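Asks: okay, here's the prediction I keep looking at, along with the sequence it came from:
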Amino acid sequence: MKNTLRQRVPYFLLLPLVWLVGLAAANAAVTVKDEAIDGKPAFRLENYRVSLLILPAQGGAVVSYKDKLGGNVELIPPGAHNGLCMDHFQCQPWPGELLDTPYDGKILKSADGECVVQVSCEVKGDFRGSQYPKLKGLRLEKSYTLRDGSPALETRVKLTAPVKNSTLVDYWLQNVFFAGGKFDFDCDTSFRPTVRGVRVKTDRKTGFTGPEDFLRDFNDGWLALLDTKTKSGLVVLTDYNDLRFLYVCGSSRTLEPMFEMAYLPAGASREYTVYIVPVAGLDNIVAATPDYIAGYRMESDNKGAGKVEFNVVRSMRLVTNLALNVTIGTADKPSPGVSAGTLAFDKIGDEPQARSATFTGAGPDPLILQVVAKATGTGEAVTNRFEDYFNGAYQWGENIQTDMASPRYKGVRPPQQLRLNKPKEIRIPRPWEMQMWYAEGLLDDYYGVTQALRLTMRNNGKTKWTRAFVSSSIFGTKLSSFPYDYEELFSYDYIVLGGLRQDALGGLVLEMLTDFVNAGGGLVVLGGPMAYAKSDLAGTKFADLWPVKILPGDYDLLDLQGAPIEVADASVPFLMDLDWKPRPTVRYLHNVELKPGAKVVLTAGGKPFLVTGEAGPHKARIICILGAAMGTLPAGQTPFWEWSDWRYLMRQVFWWTQRYYDFDRFGVR
């Protein structure tokens, strides 16, 4: 890089610089004032960097936004469905009831270097004739805050359940705008962080709706949209722990954080905070935090040597010093890698700063860029990490290596820390009757769960079992129902989990299922084409409670070609009174690793078929059935799911898991 500090600058080029300095000084204070659009009240927020207009009558959204450093052009095109901070719920089809709902609006504050505008409404739970009772009566309050020393617009959304009713919300914030002031197929580009590297998407090359739009493998809480020609656009920052998707539409002109399902007891509230930060001077983004926004360029000779350059601008907070410790590794061996040194930045501002470094000995492409960043501002130093996947010599298609079904490299996704309204005591009350909740997965019909359940029931009207399915929509898959209230969840004795993928369960359900088992609730885990390895549950707190460990990879089914089931422990009470003469057989079996304390009850082909264990402080009983009810067997063999006593085995498994009192007669707890 050339050192431009000593170069002579013509006088006429100094004029824009003087104008910008004067502009910043003149607009150092933040202001708020009343305006009107077509006779409708609106609020203008403005500071040294941005000017924006909030229209309560149009869903309380931001309908005008200009970045003075990014060309001072209007980013929001005309139209009722364009704007920033537009409220939605995922359970309602777009555009949802709130987009055209008139909100109340008022100025809350204009002092101490900040201005606050609040808009609010009550959700009716009615959209185009369809009723959404869980949303009815929900109170939505949205506060916009702009400060005199920050380019960021802070948006706080508070959702409050009715006083007498609980609420289930799946909030979604939509931002529709044109980076650079106009829509350009080739230049409007979105950036989102994932375990496969930063996902770069333009409409010209990847304009479609699918998994790359609804990203679930994000590893940070930001997304950005830039016009790479004008090097300007917006970054959206929010809490990583609250997110379900990082979504951009097929035309790459939206930034839409979609949040995890939240259960609100009567009168309870949930808040989400989102920051809209303008960017000027960058044509790509690899990291965005409250302290800085960074882009980079990298070159490699495909032999392990190359150069990396970072460009950094400010984010929400003022940063006096920023140090980027850069390491380069290969996709096959990302760590420990080779060091490219530490790049030091000082007084991070609105204009980009550039620093570069060279590296050798990294290995052939593709490479993994790993950075440990330490930012120092007015408070304590903040350290964070980010990385990217560099295709290098393989760059003959956009994100070629990382778009594969089995990516060449996947980083570690940090666990999300969910916010839940948990009871003080995590314990199942243990009713004396059968109370079961069943999440049905793919091909579960063959396990005969419902037939076995009917055999467990008594005709006293006190037994209860609830069945849920997987439903699909444009937002992915989810359960058709779930007892999101802890009191309701803890009214069940045990849960049967069919073959379901993690994205169908979601973070909230997984956390509550983990609490259920820790409270002493029983669990039966079935096999199948979407179970165990395919479920993506490996490494979750929920799967950590099981007596078996899911092996790495996304396929764990062994083909046993019809191996018979053998009894490994005849002392187990739920095996009594079963007729094994038909020799039930297994075609496909999940290959797992046994954990300490696991007990193998049944085997097939020398491998575990049914494993029991206990977990949690209350020693909840867990059974893992590893046989998959699928596959064609040779003539004359009896598939285990067609065995005449299979339903009785399942019935007794349910009894044992629940600690049903029938087994007390046999000395079983």
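Replies: Noted; the coordinates are in hand.
Asks: shouldn't Gly304 be within a helix?
Replies: No. Using DSSP: H, G, I helix; E, B strand; the rest coil, the assignment for Gly304 is coil, not a helix.
Asks: that one: neighbour count?
Replies: Using other CB atoms under 10 Å, Gly304 has 17 neighbouring residues. (C-beta placed from N, C-alpha, C; glycine too.)
Asks: contacting residues for it?
Replies: Gly304 sits next to 338, 359-364 when contact means CB atoms under 8 Å, 6 or more residues apart in numbering.
Asks: mind saving the C-alpha coords of the helix or strand in which Leu234 is found as PDB?
Replies: Element membership for Leu234 (DSSP states H and E) is strand 232-238. Taking C-alpha atoms only, strand 232-238 is exported to PDB below (Å, rounded to 0.1, in the frame of the first residue of the first chain):
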ATOM      1  CA  SER A 232     -22.300   1.700   0.700                       C
ATOM      2  CA  GLY A 233     -25.200   0.000   2.500                       C
ATOM      3  CA  LEU A 234     -26.500  -1.100   5.800                       C
ATOM      4  CA  VAL A 235     -25.600  -3.600   8.500                       C
ATOM      5  CA  VAL A 236     -28.200  -5.100  10.900                       C
ATOM      6  CA  LEU A 237     -26.900  -6.200  14.300                       C
ATOM      7  CA  THR A 238     -28.900  -8.200  16.900                       C
END
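Asks: check which helices and strands the following helix or strand past it sits against.
Replies: Next in sequence after strand 232-238, counting helices and strands by DSSP H and E, comes strand 243-247. Applying 3 or more CB pairs under 8 Å, 6 or more residues apart in numbering; DSSP states H and E, we find strand 243-247 packed against strand 214-215, strand 254-259.
Asks: low-confidence ranges, the stretch 101-250 of the chain, go.
Replies: 203-211, 250 (pLDDT under 70).
Asks: tell me where it has helices.
Replies: Residue ranges of the helices in the stretch 101-250 of the chain, as given by DSSP state H, counting those that start in this stretch, are 203-206.
Asks: and the strands in it?
Replies: For the stretch 101-250 of the chain, the strands defined by DSSP state E, counting those that start in this stretch occupy 104-111, 114-122, 126-127, 130-131, 139-147, 153-160, 167-169, 171-176, 188-194, 197-202, 214-215, 222-227, 232-238, 243-247.
Asks: re earlier: partner strands of the strand holding Leu234, parallel or antiparallel?
Replies: Counting by DSSP bridges, the strands paired with strand 232-238 are strand 222-227 (antiparallel), strand 269-280 (antiparallel).
Asks: so the last one versus strand 153-160, what angle?
Replies: If I follow you right, that is strand 269-280. Interaxial angle, strand 269-280 versus strand 153-160 (axes from the mean of the first three to the mean of the last three CA atoms, to 10 degrees): 160 degrees.
Asks: just give me how far strand 269-280 sits from the chain centre.
Replies: How far strand 269-280 lies from its chain's middle: 16 Å, per CA atoms, centre = their mean, to the nearest Å.
Asks: same check, this time on stretch 650-662
Replies: Distance of stretch 650-662 from the chain centroid (CA atoms, centre = their mean) equals 36 Å.
Asks: list the contacts of Tyr555.
Replies: Contacts here follow CB under 8 Å, 6+ apart; on that basis Tyr555 touches 533-534.
Asks: hang on, the earlier thing: any of the contacts of Gly304 buried? List them.
Replies: Buried members of the contacts of Gly304, counted by 16 or more other CB atoms under 10 Å: 338, 359, 362-364.
Asks: nearest the geometric middle of this structure, what residue?
Replies: By CA atoms, centre = their mean, the chain has its centre lying nearest to Arg244, at 3.3 Å.
Asks: just the CA trace of stretch 323-338, in PDB.
Replies: C-alpha atoms of stretch 323-338 as PDB (Å, rounded to 0.1, in the frame of the first residue of the first chain):
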ATOM      1  CA  ALA A 323      -6.000  -5.300  17.000                       C
ATOM      2  CA  LEU A 324      -6.600  -8.100  14.600                       C
ATOM      3  CA  ASN A 325      -4.500 -11.200  15.200                       C
ATOM      4  CA  VAL A 326      -4.600 -13.100  11.800                       C
ATOM      5  CA  THR A 327      -4.000 -16.800  11.300                       C
ATOM      6  CA  ILE A 328      -4.200 -18.700   8.000                       C
ATOM      7  CA  GLY A 329      -4.800 -22.500   7.800                       C
ATOM      8  CA  THR A 330      -6.000 -25.000   5.200                       C
ATOM      9  CA  ALA A 331      -9.500 -26.300   5.000                       C
ATOM     10  CA  ASP A 332      -8.200 -29.800   5.900                       C
ATOM     11  CA  LYS A 333      -6.200 -28.500   8.800                       C
ATOM     12  CA  PRO A 334      -7.400 -25.000   9.900                       C
ATOM     13  CA  SER A 335      -5.500 -25.100  13.200                       C
ATOM     14  CA  PRO A 336      -3.000 -24.100  14.200                       C
ATOM     15  CA  GLY A 337      -2.200 -22.500  10.900                       C
ATOM     16  CA  VAL A 338       0.400 -19.800  10.300                       C
END
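Asks: off-centre distance for it?
Replies: Taking CA atoms, centre = their mean, one finds the center of stretch 323-338 at 26 Å from the center of the full chain.
Asks: still on that earlier bit, the buried ones among the contacts of Gly304 in strands, which ones?
Replies: 338, 359 (DSSP state E).
Asks: now Trp222: how far from Val274?
Replies: Trp222 sits 10 Å away from Val274, going by CB to CB, to the nearest Å.
Asks: identify the contacts common to these two.
Replies: When contacts are counted by CB under 8 Å, 6+ apart, Trp222 and Val274 are jointly contacted by 236-238.
Asks: quick check, nearest of the residues you listed to Asn421?
Replies: When the shared contacts of Trp222 and Val274 are ranked by distance to Asn421 (CB to CB), Thr238 comes first, at 20.7 Å.
Asks: that closest one pairs with what?
Replies: Bridge pairing for Thr238 (DSSP bridges) gives the partners Val274.
Asks: verify the stated contact: it with Val274.
Replies: Yes. Using CB atoms under 8 Å, Thr238 is in contact with Val274, at 4.6 Å.
Asks: quick one: the helices in the chain?
Replies: 11-26, 203-206, 449-456, 486-489, 502-518, 541-544, 646-658 (DSSP state H).
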